[in-house]
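>>> build me a structure from this.
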Amino acid sequence: MPAVSKGDGMRGLAVFISDIRNCKSKEAEIKRINKELANIRSKFKGDKALDGYSKKKYVCKLLFIFLLGHDIDFGHMEAVNLLSSNRYTEKQIGYLFISVLVNSNSELIRLINNAIKNDLASRNPTFMGLALHCIANVGSREMAEAFAGEIPKILVAGDTMDSVKQSAALCLLRLYRTSPDLVPMGDWTSRVVHLLNDQHLGVVTAATSLITTLAQKNPEEFKTSVSLAVSRLSRIVTSASTDLQDYTYYFVPAPWLSVKLLRLLQCYPPPEDPAVRGRLTECLETILNKAQEPPKSKKVQHSNAKNAVLFEAISLIIHHDSEPNLLVRACNQLGQFLQHRETNLRYLALESMCTLASSEFSHEAVKTHIETVINALKTERDVSVRQRAVDLLYAMCDRSNAQQIVAEMLNYLETADYSIREEIVLKVAILAEKYAVDYTWYVDTILNLIRIAGDYVSEEVWYRVIQIVINRDDVQGYAAKTVFEALQAPACHENLVKVGGYILGEFGNLIAGDPRSSPLIQFNLLHSKFHLCSVPTRALLLSTYIKFVNLFPEIKTTIQDVLRSDSQLKNADVELQQRAVEYLRLSTIASTDILATVLEEMPPFPERESSILAKLKKKKGPGTVTDLEEIKKERSSDMNGSAEPASVNASAVSTPSPSADLLGLGAAPLTNSAPAPSSSGSLLVDVFSDSASAVAPLAPGSDDNFARFVCKNNGVLFENQLLQIGLKSEFRQNLGRMFIFYGNKTSTQFLNFTPTVICSDDLQSSLNLQTKPVDPTVDGGAQVQQVVNIECVSDFMEAPILNIQFRYGGTFQNLSVKLPITLNKFFQPTEMSSQDFFQRWKQLSNPKQEVQNIFKAKHPMDAEITKAKIIGFGSALLEEVDPNPANFVGAGIIHTKTTQIGCLLRLEPNLQAQMYRLTLRTSKEAVSQRLCELLSEQF
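Here you go, the predicted model:
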């Protein structure tokens, strides 16, 4: 590009800029600018024609005034006229003015486009470069419509100069990013790939950026770029720094091009050609080897360039996840960076190792650096690095090191930054539950967690410890003893009081034999905390007191005195007042048998996913929650139950509370510890009033029956001695229809037969269900049918509950089952080629879009049965797509009223280990998680 000579300088512009800078006030500046605008306007409107130099000077002044923040409403035509000049400096100023001041709706666009076309056709490389820069800078849809077909021709023409090819490639990239639908794919695509072999590395660098972007949406068109990119990368990494002298940056040959080529290769799976794959492996090994060499310069630019190439190479190794040797070497290299003096390198190393920890090939290698990571947690000054250290400890945790890692996290929690305490609390709670072999250790850990960071312990955490204690008989006595001792501290966090109140109310009798924890001492200890607690906690403690009346009749009078006190019966809070009145009345008039029935021990909670994990995912995104599949797998094998302990209080029978979660469907706050009424509901009616019966908990075996309907639509959903429930359903896109058949297996009529479909608040907004009423009388041996019309409005996680209430022989019957309406029912299968599948697979590479589960096979690993289940799940089974013929891949689209969600799945069986690895990728993380949960249970 020609340089501007001294004689070409604009003295008038220099004087004007100097005057502006010398202004003493804003008013003086505006006055000087207005004077200059008036002068320029008079010159443009004058009779005397201006020469090119004058136009250029005045247009420059207008451009400077605009950059000062003042509006310019004239001079555009003069700038367009400069485009027709044959002098470089005048044409340059014209293009500069247009790039900055002319918008896409301007009436001058047509004139500008004509001038650009003339310059592009001139074959003058300088003028072509200016025109291409203007197109890229404006980047409007009008520009794309006018030149998107012309620029590719310039790019692949044999006589185009290298500098113009560079500009053309970057200009086309800009237009494709702004208006991808206007850039036509054609014969030029195969020719542009060959620019990767161009001798000019500037052209190769620009072409690589363009091809990478195009390949993300059109992988089939650019698949030949893989071998060329590997070839070019090989030449770069094996060359000496003197071979590429113009493109060597501080002794690192072509670092920017190397990074771009490595990113291009991440758009595709590992090369299938053994020769290309071997060459790529050699390149990656060479990059790793060079990282071990002593630096050739002490300057930071050298290490930055060298490490940029190294980290991109490691990203490619992780992306391919197919070379165990490379993965382990990458892990070892990152391990060296963990102690590097440069903070950014330590951060990047920790972040990359989090990803490596999820690979089966490198997980053990990552674990060898545990002491270094723990040391980083203790000594790092940068909070972001410490946070990555916590993430890595969480990712590398397994049964062999769980207690060590949890202990270190608890130690760090005492001094951790407030911004990350809640996240650490969630991770400690998940790890303690996931790897708890001895549940006394789990109880100790959670109570310690509450002691150290009680303010950051969410409801999900203490709900969870109560679920586990209730579901495991072997830990109940220890838990009661431990919380009793913890409550003796002078200052207890309120969450500890909640846990103590709930557990002592259920299992305080297990430690009552010890004189140090007699019933009266337990009651006095809890009541000493009462006045310090919030209303919800006081409500829970009142429920504990009525439980004590049943457990310890000897302190009944003491508790009644507390309930009878004015501070309770006349409490300003209506919930506390009502509980006190009803509990006092219950303890006074109910017989011992009724009390024992109403206040019996909580039953085990049904199996359900831990809400702590969901909380962490919501807070951080699934990319930071490593090995979700392991959490689910080991939770289901180690824990008996996992629903939030949302129990029903006695007052809820007469005055239902909106927060009372009778079915345990949501995480409603724990407000008491009285059990939900089931078959003994009539006893409550006798004591209080003739109220409506509560919804029953799920019938035994409901979850198993529900799981069997994930991959089929017809069959028997539930059956006992009285009733059989059958289903027949059909779904198309976001609509469905379900026929429910109720069969009376007895010879006696069912009276007041009332089936009700119940949805939680969240589910009601995602699923529209219209049910037709059924006859309230079902004769003996007869069958009635109910039709449910279904519309999926948006994606959903839960399933509706079908509650059936009726009278049989004078006895009230109440049962609930899960209705198998799941997200996969709205699948539409999609056929895809291998290239389309893997291209779409790469597009969904964001950590938030993928969920993976590794699990043990529950059924015989039969390929035909597996195929049938995948097809029954709703996706298309894609044959000959995966390079490994033993793997199964599927594709489909979830249809809802508001959106469509593409889904890809990959199931990899390991017959030797009798295990599966299931990977789901969709554009929405919650959908990936739900589909993975549903499908994992089928194998």
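>>> drop to CA atoms for contacts and neighbour counts, all remaining ones
Noted.
>>> any idea which helix or strand carries residue 890?
strand 888-895 (DSSP states H and E).
>>> other SSEs contacting that strand?
Counting contacts by 3 or more CA pairs under 8 Å, 6 or more residues apart in numbering; DSSP states H and E, strand 888-895 packs against strand 827-829, strand 876-878, strand 900-910.
>>> reformat the ones you listed as a markdown table; add distance to residue 935, mean pLDDT and mean neighbour count.
Formatted as a markdown table, the helices and strands packed on strand 888-895 follow (distance: least, CA to CA, whole Å; pLDDT from 0 to 100; neighbours: other CA atoms under 10 Å):
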| stretch | distance to residue 935 | mean pLDDT | mean neighbour count |
| --- | --- | --- | --- |
| strand 827-829 | 13 | 86 | 22 |
| strand 876-878 | 14 | 86 | 22 |
| strand 900-910 | 10 | 88 | 21 |
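>>> re the thing from before, quick one: work out the angle between the strand holding residue 890 and strand 900-910.
Angle of strand 888-895 versus strand 900-910, following axes from the mean of the first three to the mean of the last three CA atoms, to 10 degrees, is 160 degrees.
>>> what would the helices and strands packed on strand 888-895 look like in CSV with distance to residue 321?
Conversion of the helices and strands packed on strand 888-895 to CSV gives the following (distance: least, CA to CA, whole Å):
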stretch, distance to residue 321
strand 827-829, 28
strand 876-878, 22
strand 900-910, 14
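>>> by mean pLDDT, flag the weakest helix or strand of this structure.
helix 681-687 (a mean of 33; mean pLDDT, DSSP states H and E).
>>> for the closest residue to residue 81 other than its chain neighbours, report the pLDDT, please.
Spatial nearest neighbour of residue 81, excluding adjacent residues (CA to CA, 6 or more residues apart in numbering): residue 94 at 7.6 Å. Residue 94 carries a pLDDT score of 91 in this model.
>>> ok so residue 94 is a strand residue?
No - using DSSP: H, G, I helix; E, B strand; the rest coil, the secondary structure at residue 94 is helix, not a strand.
>>> run through the residues that contact it.
Residue 94 is in contact with 56, 59, 79-83, counting by CA atoms under 8 Å, 6 or more residues apart in numbering.
>>> over to residue 773?
Per CA under 8 Å, 6+ apart, neighbours of residue 773: residue 786.
>>> and with 10 Å instead?
Residues near residue 773 by CA atoms under 10 Å, 6 or more residues apart in numbering: 754-756, 785-788.
>>> residue 495: neighbouring residues, count only.
22 (other CA atoms under 10 Å).
>>> tell me which helix or strand it sits in.
Using DSSP H and E, residue 495 maps to helix 494-507.
>>> which helices and strands sit right next to the helix or strand that that helix is followed by?
Next along the chain after helix 494-507, taking DSSP H and E as the criterion, comes helix 519-530. When contacts are defined as 3 or more CA pairs under 10 Å, 6 or more residues apart in numbering; DSSP states H and E, helix 519-530 packs onto helix 473-487, helix 494-507, helix 535-551, helix 556-564.
>>> may I see the buried residues of stretch 865-879?
866-867, 869-878 (16 or more other CA atoms under 10 Å).
>>> going by distance to residue 71, which of those wins?
Taking CA to CA as the measure, residue 71 sits nearest to residue 875 out of these, at 57.4 Å.
>>> so for residue 664, what's the pLDDT?
Value for residue 664, per-residue pLDDT: 31.
>>> my guess is residue 783 meets residue 742, correct?
Yes - using CA atoms under 10 Å, residue 783 is in contact with residue 742, at 5.4 Å.
>>> who touches both of these two?
Taking CA under 10 Å, 6+ apart as the criterion, residue 783 and residue 742 both touch 723-725.
>>> can you get me a residue count around residue 36?
Residue 36: 17 surrounding residues under other CA under 10 Å.
>>> same for the one helix or strand it maps to, what does it pack against?
Secondary-structure assignment from DSSP H and E places residue 36 in helix 26-45. Applying 3+ CA pairs under 10 Å, 6+ apart, we find helix 26-45 packed against helix 11-21, helix 52-67.
>>> residue 198: what's it in contact with?
Shown in contact with residue 198 (CA under 10 Å, 6+ apart): 162, 204-205, 207, 232.
>>> go again with 7 Å.
Neighbour list for residue 198: residue 204 [criterion: CA atoms under 7 Å, 6 or more residues apart in numbering].
>>> average pLDDT for stretch 272-286?
For stretch 272-286, the mean pLDDT works out to 91.
>>> got a list of contacts for it?
With CA under 7 Å, 6+ apart, stretch 272-286 has contacts from 227, 230, 234, 237, 270-271, 313.
>>> just the buried ones from these, in ChimeraX syntax?
Restricted to buried positions by 16+ other CA under 10 Å, the ChimeraX selection for those reads:
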select :227,230,234,237,270,271,313
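>>> save the contacts of stretch 272-286 as TSV, and put in secondary structure too.
Output for the contacts of stretch 272-286, formatted as TSV (three-state DSSP):
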residue	secondary structure
227	helix
230	helix
234	helix
237	helix
270	coil
271	coil
313	helix
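>>> of all the contacts of stretch 272-286, which comes closest to residue 886?
Ranked by distance to residue 886 (CA to CA), the contacts of stretch 272-286 are led by residue 270 at 17.6 Å.
>>> and the two most separated of the contacts of residue 94?
59 and 83 (12.1 Å).
>>> and residue 861, that's in a strand?
No - assessed with three-state DSSP, residue 861 is coil; it does not lie in a strand.
>>> so how many other residues sit close to it?
Using other CA under 10 Å: residue 861 sits among 16 other residues.
>>> list phi and psi for it.
Main-chain torsions, residue 861, degrees, to the nearest 10: phi -90, psi 80.
>>> would you map the strands across the stretch 201-350 of the chain?
248-249, 252-253 (DSSP state E, counting those that start in this stretch).
>>> mind putting these into a markdown table with distance to residue 921, mean neighbour count and mean pLDDT?
Shown next, in a markdown table, are the strands of the stretch 201-350 of the chain (distance: least, CA to CA, whole Å; neighbours: other CA atoms under 10 Å; pLDDT from 0 to 100):
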| stretch | distance to residue 921 | mean neighbour count | mean pLDDT |
| --- | --- | --- | --- |
| strand 248-249 | 39 | 16 | 86 |
| strand 252-253 | 37 | 25 | 88 |
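>>> if we can go back for a sec, just say which of the helices and strands packed on helix 26-45 is most tucked in.
Mean neighbours per residue, mean count of other CA atoms under 10 Å, is largest over the helices and strands packed on helix 26-45 for helix 52-67, with a mean of 20.
>>> and the gap between residue 594 and residue 587?
Taking CA to CA, to the nearest Å as the measure, residue 594 falls 10 Å from residue 587.
>>> packing partners of the helix or strand hosting residue 426?
In this assignment (DSSP H and E), residue 426 forms part of helix 418-434. When contacts are defined as 3 or more CA pairs under 7 Å, 6 or more residues apart in numbering; DSSP states H and E, helix 418-434 packs onto helix 402-413, helix 439-453, helix 611-620, helix 628-638.
>>> how about residues contacting stretch 118-135?
Contact with stretch 118-135 is made by 1, 92, 95, 99, 116, 143, 161, 164, 167-168, 171, as judged by CA under 7 Å, 6+ apart.
>>> most neighbours, which of these?
Highest neighbour count within the contacts of stretch 118-135, by other CA under 10 Å: residue 168, with 30 neighbours.
>>> let me see the contact set for it.
Counting by CA under 7 Å, 6+ apart, residue 168 touches 132, 151, 154-155.
>>> that one falls within a helix, correct?
Yes - the assignment for residue 168 by three-state DSSP puts it in a helix.
>>> verify the stated contact: residue 265 with residue 225.
No - the criterion here is CA atoms under 7 Å, and residue 265 misses it with residue 225 at 8.6 Å.
>>> just for the chain, where's the confidence low?
For the chain, the stretches with pLDDT under 70 are 1-9, 47, 104-106, 241-243, 607-694.
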